[in-house]
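J.: let's see this in three dimensions:
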Amino acid sequence: MAISVLEVGDGFALRHVRLSAAPTAVRRLPVAIVGAATVGVLEAVALLAVALGSLDGALSPGATPGWLIAGGLVVLAAWVVLCAGSAAALVDGSGRSLLTAVSCAETALVAFLLVLATVTPFANPTPLSVPALGLLALAVPVGKLLLAGAPSARAWLAQGPRARVRRPDAVQAHRGLATATLGVIGLALFAVALLAPVPSGDVQEPASAVFAQD
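T.: Next up is the predicted model:
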């Protein structure tokens, strides 16, 4: 009887379960995410500036074929959008896969251009050597990869995309005030157009008066 009681007691005994501590939520935007996003946005702006600056020379008569200009513009536009979009995805917490893909493609492009500049004649417009230019160009994608792979950036991305807070529409909430404001602006513009004096030098005589003078 005692054995059965002990077995029943063991069956109802409380078990100590060790619970793992929940990861601390990262509320503030990490410095690594800010740095990677800033580099992506600045790169997009720089690419856009380079495209706009070289557009006049490319559109000169007989300089470059039209299909090549169109293809280059499409590639540059896609590059700008991907750089800015990957930066926005990092800040939003959606992931770093887009930034990683863009950075790897940029690294491969720089490596290909370095090999091409070494094999073929290359007119260097800067006082820097070709290896120095390559290292400077590689600093952008490698820097983005290092910043996006930092521990603080991983913790930020592990929380997933941020929830959007829906705010009430101000026009719907204050429809009467918006209507009154629009009416006042319309009346003010109508009064200015009606009561504003017209300079005497700008007044033109009607066509009938001109014919009468002739």
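J.: use CA for all of it now, contacts and neighbours both
T.: Fine.
J.: tell me which helix or strand residue 147 sits in.
T.: Here residue 147 sits within helix 130-148, counting by DSSP states H and E.
J.: what are the contacting residues of that helix?
T.: Applying Cα atoms under 8 Å, 6 or more residues apart in numbering, the external contacts of helix 130-148 come out as 32-33, 35-36, 39-40, 90, 96, 99-100, 103-104, 106-107, 110-111, 114, 117, 124, 153-154.
J.: same deal with stretch 36-47?
T.: Contacts for stretch 36-47 (Cα under 8 Å, 6+ apart): 76, 79-81, 83-84, 86-88, 90-91, 140, 143-145, 147-148.
J.: write the PyMOL selection for whichever of those are buried.
T.: To isolate in PyMOL the members of those that are buried, counting by 16 or more other Cα atoms under 10 Å, one can use:
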select buried, resi 76+79+80+83+84+86+87+88+90+91+140+144+145+147+148
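J.: narrow the contacts of helix 130-148 to those that are buried.
T.: Applying 16+ other Cα under 10 Å to these flags 32-33, 35-36, 39-40, 90, 96, 99-100, 103, 106-107, 110-111, 114, 153-154 as buried.
J.: low-confidence ranges, this protein, go.
T.: Low-confidence segments of the chain (pLDDT under 70): 1-27, 56-64, 162-165, 167, 169-171, 196-214.
J.: tell me who's in contact with residue 79.
T.: residue 44.
J.: helix or strand: which one has it?
T.: helix 66-92.
J.: can you tell me the closest non-neighbouring residue to the most centrally placed residue in the chain?
T.: Nearest to the geometric centre of the chain sits residue 84, at 3.2 Å (Cα atoms, centre = their mean). Nearest residue to residue 84 in three dimensions, chain neighbours excluded: residue 41, at 5.2 Å (Cα to Cα, 6 or more residues apart in numbering).
J.: pull the number of nearby residues for that neighbour.
T.: 21 (other Cα atoms under 10 Å).
J.: residue ranges of the helices in this structure, please?
T.: Ranges of helices in the chain, per DSSP state H, are 2-11, 31-53, 55-58, 66-92, 97-119, 130-148, 151-158, 170-173, 175-195, 207-213.
J.: next, the angle helix 31-53 makes with the longest one.
T.: Orientation of helix 66-92 against helix 31-53 (axes from the mean of the first three to the mean of the last three Cα atoms, to 10 degrees) gives an angle of 160 degrees.
J.: ok now helix 66-92, how far from the chain's centre?
T.: 11 Å (Cα atoms, centre = their mean, to the nearest Å).
J.: tilt between that helix and helix 130-148?
T.: Going by the same axes, to 10 degrees, helix 66-92 makes 40 degrees with helix 130-148.
J.: residue 137 versus the residue nearest to the centre of the chain, what's the distance?
T.: 18 Å (Cα to Cα, to the nearest Å).
J.: try residue 161
T.: 31 Å.
J.: do the same with residue 69
T.: Taking Cα to Cα, one finds residue 69 at 23 Å from residue 137.
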